[in-house]
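Q: when you get a sec, could you give me coordinates for this:
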Amino acid sequence: MLDGEAFSQTFDAEQDAWDWLAAMRELGTQARKAPETLATFGAKWLDRRELSGGVRHVKKERSVWRHHVLKSEISTMPIKAIRRKHVAAFVSAMQEREAVSPIKTREGVRYRPLGRTVGRQTVVHALRLVRTCLDAAADQGLRESNPATGVRVPRGQPAAPVWTFLTEEEIASVLTVEFPRNDLRRRAVYATAIFTGLRMSELWHLRWERVRLEGTRPLVEVRAPIKSARAVRDVPLLPPAIKALREWRDRGGIRRATGLVWPREDGGVHDDTFTDGWFDHPYRKDGKLRARPGACTRAGIERDVRFHDLRHTFCSHLAQGSWGRVWTMREICDVAGHSSISVTMRYAHLSPGGVHAAAAQMRAVWEEG
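A: Predicted coordinates for the structure are as follows:
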């Protein structure tokens, strides 16, 4: 027993066992002497929050904590040494940091710069996590008060949203790209993302039980994971998505009816960094850094298009009426599962029946009169 915790281990020689026991005791002594930092306390605090079961979006909290809090200088500071100025400096550093997008590769997760700074909402979320964590530390007597209380994220000029969408020609190029492996699956993934507008997490959690390809109302049921109450919805399937999903479902002469639509090799769910070959894959050969082209490069797209922009592609073409009639902003809001109509209004300028077109018609009438 070491510090109330039981350990068990067997060894080929008695001396190896005594050496191991001495090392374990030394580690325990060092742990007791080492001051509790924000990083070490935060790891245990996040575990308790998850085990409590009463906190929603713990996975999102862990992501923000890992990508922003743990990469800051404040994370290595002892809990007792953190002052208000340190929290304020953490906020300032986050606001100046360049935003990046995680991409999962065989070598691990790498990050692509997005050409803009971290959004204010992300800074607010990270500050809220730090404040709540330090509240818990104060409750446990690790410090007398919370230095993050009263620290706010300054309101500056909001950055213009960085997003784009594929043209119809680019969509056709993406859907005809050939890959040396997993060709059918990747084209099914891209077609479904483009013609349903599902979020990445919704794609990877999609199950065959929630897919209806036959009948007069083909659709996919979005039930998990839920970003907001409006994310629960039925998304009608357009013909390109039906064709791609049907080919993927019936491959090898076997019709799938249950399970994940796009599982990992071990049968699990892909995480939100997985893009299924959308970006170039870096690797080293003969000591040189090379890149295996992804779908974006193979399709001849030179612009910086993220996998998430496939969702913007869906909404943009609905607003433009590219695949039939023009959809209203409310209809797009409902099918995309946006939290509010204000989120959908980013596509209003694309609609030929939008406010700009109406104003142009009024100007024409005004000039004629």
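
Q: quick check: the nearest residue to Tyr283 once chain neighbours are set aside vs Glu169, distance?
A: Residue nearest to Tyr283 in three dimensions, not counting chain neighbours: Arg290, with 5.8 Å by C-beta to C-beta, 6 or more residues apart in numbering. Where C-beta positions appear, they are placed from N, C-alpha and C, glycine not excepted. Noted for Arg290: a distance of 29 Å to Glu169, by C-beta to C-beta, to the nearest Å.

Q: still on that earlier bit, make sure the residue nearest to Tyr283 is indeed in a strand.
A: Yes - the assignment for Arg290 (DSSP: H, G, I helix; E, B strand; the rest coil) places it in a strand.

Q: isn't it up against Pro282?
A: Yes - at 7.2 Å, Arg290 counts as touching Pro282 under the criterion of C-beta atoms under 8 Å.

Q: now His125, nearest residue through space, not along the chain?
A: Setting aside the residues directly before and after it, His125 is nearest to Val64 in space (C-beta to C-beta, 6+ apart), at 5.3 Å.

Q: just the element for that neighbour, please.
A: helix 58-64 (DSSP states H and E).

Q: in that helix, what's buried?
A: For helix 58-64, the neighbour count (16 or more other C-beta atoms under 10 Å) marks Val58, Glu61, Arg62, Ser63, Val64 as buried.

Q: let me have the residues you listed in JSON lines, adding pLDDT and distance to Thr117 as columns.
A: Converted to JSON lines, the buried residues of helix 58-64 look like this (pLDDT from 0 to 100; distance: C-beta to C-beta, whole Å):
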{"residue": "Val58", "pLDDT": "79", "distance to Thr117": "26"}
{"residue": "Glu61", "pLDDT": "88", "distance to Thr117": "21"}
{"residue": "Arg62", "pLDDT": "89", "distance to Thr117": "23"}
{"residue": "Ser63", "pLDDT": "85", "distance to Thr117": "18"}
{"residue": "Val64", "pLDDT": "89", "distance to Thr117": "16"}
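
Q: make a markdown table from these and add distance to Trp208 to it.
A: Converted to a markdown table, the buried residues of helix 58-64 look like this (distance: C-beta to C-beta, whole Å):
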| residue | distance to Trp208 |
| --- | --- |
| Val58 | 27 |
| Glu61 | 31 |
| Arg62 | 29 |
| Ser63 | 28 |
| Val64 | 32 |
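
Q: can you say which two of those are spatially most distant?
A: Val58 and Val64 (10.8 Å; C-beta to C-beta).

Q: returning to what we had before: against which helices or strands is the helix holding Val64 packed?
A: Contacts defined by 3 or more C-beta pairs under 8 Å, 6 or more residues apart in numbering; DSSP states H and E place helix 58-64 against helix 38-52, helix 120-139.

Q: could you give the angle of the last one to helix 38-52?
A: It refers to helix 120-139. With axes from the mean of the first three to the mean of the last three C-alpha atoms, to 10 degrees defining the directions, helix 120-139 sits at 90 degrees from helix 38-52.

Q: give the other helices and strands that helix 120-139 contacts.
A: Helices and strands touching helix 120-139, by 3+ C-beta pairs under 8 Å, 6+ apart, are helix 38-52, helix 58-64, helix 84-96.

Q: what does that helix contact?
A: The contact list for helix 120-139, computed with C-beta atoms under 8 Å, 6 or more residues apart in numbering, reads 36, 38, 41-42, 45, 61, 64-65, 68-69, 74, 79, 82, 87, 90-91, 94-95, 99, 143-149, 151, 153, 155-156, 158.

Q: write the ChimeraX selection for whichever of the residues you listed are buried.
A: Buried members of those, defined by 16+ other C-beta under 10 Å, are picked up in ChimeraX with:
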select :36,38,41,42,45,61,64,65,68,69,74,79,82,87,90,91,94,95,99,143,146,147,148,151,153
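
Q: ok, the residue nearest in space to the middle of the chain to His308 distance?
A: Nearest to the mean C-alpha position of the chain, counting by C-alpha atoms, centre = their mean, stands Asp272 at 4.5 Å. Separation of Asp272 from His308 (C-beta to C-beta) stands at 10 Å.

Q: overlap in contacts of the two?
A: Met200.

Q: separation between the nearest residue to Ala137 once chain neighbours are set aside and Val130?
A: Spatial nearest neighbour of Ala137, chain neighbours left out: Ile79 (5.0 Å); criterion: C-beta to C-beta, 6+ apart. Distance, Ile79 to Val130, using C-beta to C-beta: 11 Å.
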